[in-house]
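Novice: just the structure for this:
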Amino acid sequence: MNKHGTELATAQMGYCAPCPMVAIAPRRVALHTAEFATFAAAESGQQGVVDGAKALALTAIDVLCTPDLRTAMRASFDAATLG
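Specialist: Residues are numbered from 1 along each chain as shown. So this is what the prediction gives:
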């Protein structure tokens, strides 16, 4: 059983993995509710998902095209996980 709540939480144990949150509803709206589903299905909710996907894609391009950035990321990850 997954005690972490998401498959991503399990997968990122020992690995660096982003866990992005994009705004598709007002902060007052709780996740996994009927009200949240209404906002998610609306045009503004769909645009939030598109904006989030674009941000992740552009970040991936930066990482893939910038060797110094990858080196710094690795050093930061190692420092955080290896002490």
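Novice: compute the number of surrounding residues for residue 24.
Specialist: Other residues lying near residue 24 total 19 when counted by other CB atoms under 10 Å. Using the backbone N, CA and C atoms, a C-beta is placed for each residue, glycine as well.
Novice: mind checking the SS state of it?
Specialist: For residue 24, the assignment made with DSSP: H, G, I helix; E, B strand; the rest coil gives coil.
Novice: by mean pLDDT, which helix or strand of this structure comes out lowest?
Specialist: In the chain, no helix or strand scores lower on mean pLDDT, DSSP states H and E than helix 7-11, which sits at a mean of 61.
Novice: could you pull out the helices for this protein?
Specialist: In the chain, the segments counted as helices under DSSP state H are 7-11, 34-41, 43-65, 67-82.
Novice: so can I have JSON lines of these showing mean neighbour count and distance to residue 23?
Specialist: Output for these, formatted as JSON lines (neighbours: other CB atoms under 10 Å; distance: least, CB to CB, whole Å):
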{"stretch": "helix 7-11", "mean neighbour count": "11", "distance to residue 23": "19"}
{"stretch": "helix 34-41", "mean neighbour count": "13", "distance to residue 23": "10"}
{"stretch": "helix 43-65", "mean neighbour count": "12", "distance to residue 23": "5"}
{"stretch": "helix 67-82", "mean neighbour count": "10", "distance to residue 23": "25"}
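Novice: can you put those in a markdown table and add distance to residue 28?
Specialist: Formatted as a markdown table, these follow (distance: least, CB to CB, whole Å):
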| stretch | distance to residue 28 |
| --- | --- |
| helix 7-11 | 25 |
| helix 34-41 | 9 |
| helix 43-65 | 15 |
| helix 67-82 | 33 |
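Novice: excluding residues flanking it in the chain, which one is nearest residue 51?
Specialist: Using CB to CB, 6 or more residues apart in numbering and skipping the chain neighbours, the partner closest in space to residue 51 is residue 22 (6.5 Å).
Novice: middle-most residue in this structure, spatially?
Specialist: Among the residues of the chain, the one closest to the centroid is residue 20, at 1.9 Å (CA atoms, centre = their mean).
Novice: please list all residues in contact with it.
Specialist: By CB atoms under 8 Å, 6 or more residues apart in numbering, residue 20 lies in contact with 52, 55-56.
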